[in-house]
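1. here is the input, now give the coordinates:
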Amino acid sequence: MYSTSVRLLMLLIPLQLVLAAYPSSAHAMDPRFEIDPSLLDRKAATSGKSSSDQKAGMKQSQSASSGAADQTPFRKSMGRNPSSKRQPGHSFSLLRPHEKADKGQTVARAHEVWDRLVPSLSGRPSGVEIQGGNFELTIDPDRFPTLPAADGGTILVDAGAKLPPLVRGLIQDKGDGIRIVTADPSNRRHFFASLLSAARFHSVEENFSVDFGSDPQLSVSSDFKIEKTPESLMKRELVLLNVTDGRSGLPASLTSFLNHQGFEVLEPFAPGRRARQEGGHRLCQVGGGKAPEMADRLMSSLRLRYDRDTKVELFGPRDSGLRLDIRADRTFEVGKERYVVSLFNGDPVFYTLMRLLETRGYRVIILEEKDTFEKVAEKFMSRLRLSGSYAKHRLWPSQDAPYSVQLSGFMLRDAGSGKKIFLTDRTLDPLIAELATLNGYSVVTAQE
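-> From the prediction side, this is the model:
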């Protein structure tokens, strides 16, 4: 019998080694349901119990598990729920006490924006509660705020992705009614883009821009353009939302104009209305009309002192014993240079006389009745040696403000101060004039 036991032991030893080398994984736990042991800190609660108390507790637990009528559903608590009573038995939290969702200014302002976007749903109860066959999940709305979606769903703000995978899985298993947004609120643009995507409005367009008019042309840009319903465009109920850091707010006059055009403007983070910029630039409305009238207003805009209907001496008595004077419509001086401005009257001798004046050192500007503002200004620019061309110019850089104005005319620089001088024949309406004033221009109407 002894030899039989020895042989049996010799057979079991290799089998045991084989089992040790290839452990079974048939009962491995799903990683979603693994819980950090440090979160289940019951040491303080059990350290004061005696061994007899522990044995008694084990007996009570065994007797409770043997009965089928006294079964308490398994409860995961994400925070205190004031409306629910404390249930008997053990409960634990899947979040460390010091982990609090970021509910800073960005999230608070998001609630204000949503009250404007979906006012009919803004009064819904906050928070998320999910019940299953063997669990009840309650999420604290103070730590994980919720927002209503346009289609009746719920947006759950999980800033920084603090929800454990188990809880996330329980929520996602209940369908698409609850959408979790994990974007970081510190990146406002990305955070609001995620919220708007989860809200499922009819249309959301990012980096939107819209133009009004042609010359002058007003352009307004925004971070988002929102159409809440399919009828929003036809009803002219569009929303422009700006959330970019450091972006100045739109002037009240421009906001009012946009409202009349069917755009509601939301700027929850605007630091305030932009103060007037003291740029020292000048925007001169020269206007149209006859060539001599435009020339007078142009010279006034350039701050040139001129004389009307003067006589210019071509030859004097000391030169050849005779005197020849030529009539000039306008004359002025810049530095040591003398200028003559005359309107061609159809006389062939006129050009000869003008060329003779040029031989005497005068710089002659010849105007014609058919000349437009562009043509008159180009003749002055050429003779005055000013660089500039007639084109549609942007009055200030588009990155300086969420709106810009393009206007046809000549953009010049003052030789002394370096400030801008803009000459145009367009008439500005009060809104464009105000926007130009806010961005460093003095808007003046040139006088003859």
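2. contacts for the strand or helix carrying residue 265, please.
-> In this assignment (DSSP states H and E), residue 265 forms part of strand 263-266. Strand 263-266 is contacted from outside by 113, 116-117, 210, 222, 237-242, 250, 255, 258-259, using C-beta atoms under 8 Å, 6 or more residues apart in numbering. (C-beta placed from N, C-alpha, C; glycine too.)
3. only the buried members of those residues: can you turn that into a PyMOL selection?
-> Buried subset of the contacts of strand 263-266, written as a PyMOL selection, criterion 16 or more other C-beta atoms under 10 Å:
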select buried, resi 113+117+222+238+239+240+241+242+250+255+258
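4. sitting in strands, which of the contacts of strand 263-266 do you find?
-> Secondary structure defined by DSSP state E assigns 210, 222, 238, 239, 240, 241 of these to strands.
5. surely the fifth one meets residue 222?
-> Yes - under the criterion of C-beta atoms under 8 Å, residue 240 is in contact with residue 222, at a separation of 4.0 Å.
6. show me the shaky parts of this structure.
-> 1-103, 121-126, 272-278, 317, 319-321, 400, 448 (pLDDT under 70).
7. A strand includes residue 155, no?
-> Yes - counting by DSSP: H, G, I helix; E, B strand; the rest coil, residue 155 falls inside a strand.
8. how about the helices in the protein?
-> 2-21, 43-46, 51-66, 105-117, 165-172, 188-199, 232-235, 252-260, 291-301, 317-320, 348-359, 373-384, 430-438 (DSSP state H).
9. and the last one, what does it pack against?
-> With contacts defined as 3 or more C-beta pairs under 8 Å, 6 or more residues apart in numbering; DSSP states H and E, the packing partners of helix 430-438 are strand 217-227, helix 252-260, strand 403-413, strand 441-445.
10. quick one: these as a markdown table, columns for distance to residue 184 too.
-> Listed next are the helices and strands packed on helix 430-438 as a markdown table, based on distance: least, C-beta to C-beta, whole Å:
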| stretch | distance to residue 184 |
| --- | --- |
| strand 217-227 | 17 |
| helix 252-260 | 30 |
| strand 403-413 | 29 |
| strand 441-445 | 40 |
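11. was I right to think residue 342 contacts residue 354?
-> Yes - with contacts counted by C-beta under 8 Å, residue 342 reaches residue 354, the gap being 6.8 Å.
12. so what sits against both of these two?
-> Joint contacts of residue 342 and residue 354 (C-beta under 8 Å, 6+ apart) are 364, 366.
13. who's more crowded, those two?
-> residue 342 (21 against 18; other C-beta atoms under 10 Å).
14. skipping adjacent residues, who's closest to the more buried one in space?
-> residue 329 (4.9 Å; C-beta to C-beta, 6 or more residues apart in numbering).
15. now do residue 257
-> Using C-beta to C-beta, 6+ apart and skipping residues adjacent in sequence, the residue nearest residue 257 is residue 431, 5.8 Å away.
16. how about residue 270?
-> Excluding its sequence neighbours, the residue lying closest to residue 270 (C-beta to C-beta, 6+ apart) is residue 249, at 3.3 Å.
17. for the closest residue to residue 130 other than its chain neighbours, list each beta-bridge partner.
-> Sequence neighbours aside, residue 137 is the residue nearest to residue 130 in space, at 4.3 Å (criterion: C-beta to C-beta, 6+ apart). Residues in a beta bridge with residue 137, per DSSP bridges, are residue 76, residue 130.
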